[in-house]
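>>> what follows is a predicted structure for the sequence shown.
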Amino acid sequence: MKKIVSTFLLLFAACGASAQLHVDLRVGASASMLSEQHLKLGLRGGVNIGYLFDEHFGLRTGLCYVMKGATTSSDVFDYASDRATRLSYIDLPVEATVGFRLSPTSRFDLHAGPYLSRLLRAKVPRTAPYTIRNWDTGICIGFDFIVGHFVIGPEVQYGLLRVTSSGNEHNIGYSFTVGYRF
């Protein structure tokens, strides 16, 4: 445990020493669906690490817990077990960033790139004619608005792999997060 705490303290100290490296802690909401089904609401949270090569270009990655899934009901708040598919993933995005300063304390960044997701938990209706695959990969795009140490930003993900064992279902997700940048 001491090693983990020490590692995080060194990482945060490095972020303070270099404006090129930054760490974001984020939490927010997600809305997702499986191709033809209706949106299901969920949570999203995690940590992002970014590196700016210069004032405008950089790379970022991170680990995010994301609740995805869908419902066959047209009511996005209807999560009855016979209608809702509930999926929990850990996402690992690798994205290029392009941005610019709006003022000395604010910045706008556009980010896009591939992601890889590992299924942690799946709850599928008993009558569903499919099972969920353990891995998903796709493309994500979004933007961040940074003011001081605070970050807000929407993101869209489109899964490129079929996530169901039968059919042609893809994960499609929308999220909005707020966070703190170290």
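That came through fine.

>>> run through the bridge partners of the residue nearest the centre of the chain.
Nearest to the geometric centre of the chain sits C64, at 5.4 Å (C-alpha atoms, centre = their mean). Taking DSSP bridges as the rule, C64 bridges to G46, D91.

>>> and it, what is it in contact with?
Going by C-beta atoms under 8 Å, 6 or more residues apart in numbering, C64 touches R26, R44, G45, G46, V47, N48, I90, D91, P93. All C-beta spots, glycine's among them, are computed from the backbone N, C-alpha and C.

>>> save those as TSV, and put in neighbour count too.
Shown next, in TSV, are these (neighbours: other C-beta atoms under 10 Å):
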residue	neighbour count
R26	21
R44	24
G45	16
G46	20
V47	16
N48	22
I90	14
D91	23
P93	24
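
>>> out of those, who's nearest F145?
The closest of these to F145 turns out to be R26 (C-beta to C-beta; 12.9 Å).

>>> quick check, pLDDT for the closest one.
Per-residue pLDDT puts R26 at 96.

>>> the residue lying farthest from the centre of the chain: what secondary structure?
Distance from the C-alpha centroid of the chain peaks at T127, with 29.3 Å (C-alpha atoms, centre = their mean). Assigned with DSSP: H, G, I helix; E, B strand; the rest coil, T127 falls in the coil class.

>>> any idea how far L161 is from it?
24 Å (C-beta to C-beta, to the nearest Å).

>>> who's E95 bridged to?
Beta-bridge pairing for E95 (DSSP bridges): R60.

>>> I'd say it and G113 touch.
Yes - with contact defined as C-beta atoms under 8 Å, E95 counts as touching G113 (3.5 Å).

>>> any common contacting residues for these two?
C140.

>>> for these two, indicate the residue with more neighbours.
Comparing E95 with G113 by other C-beta atoms under 10 Å, the one with more neighbours is E95, at 23 against 15.

>>> what's near enough to touch the more buried one?
Going by C-beta under 8 Å, 6+ apart, E95 touches L59, R60, T61, H111, A112, G113, P114, C140.

>>> okay but the third one is in contact with T97, surely?
No - checked against C-beta under 8 Å, the pair T61 and T97 is beyond contact range at 10.7 Å.

>>> overlap in contacts, the two.
Counting by C-beta under 8 Å, 6+ apart, the shared contacts of T61 and T97 are G50.

>>> closest one to A70 out of the contacts of E95, please.
Sorting the contacts of E95 by how near they are to A70, with C-beta to C-beta, puts C140 at the top with 18.2 Å.

>>> please name the nearest non-neighbouring residue to that closest one.
Of all residues not flanking C140 in the chain, Q157 sits nearest, at 4.5 Å (C-beta to C-beta, 6 or more residues apart in numbering).

>>> which element is the one you found on?
Element membership for Q157, per DSSP states H and E: strand 150-159.
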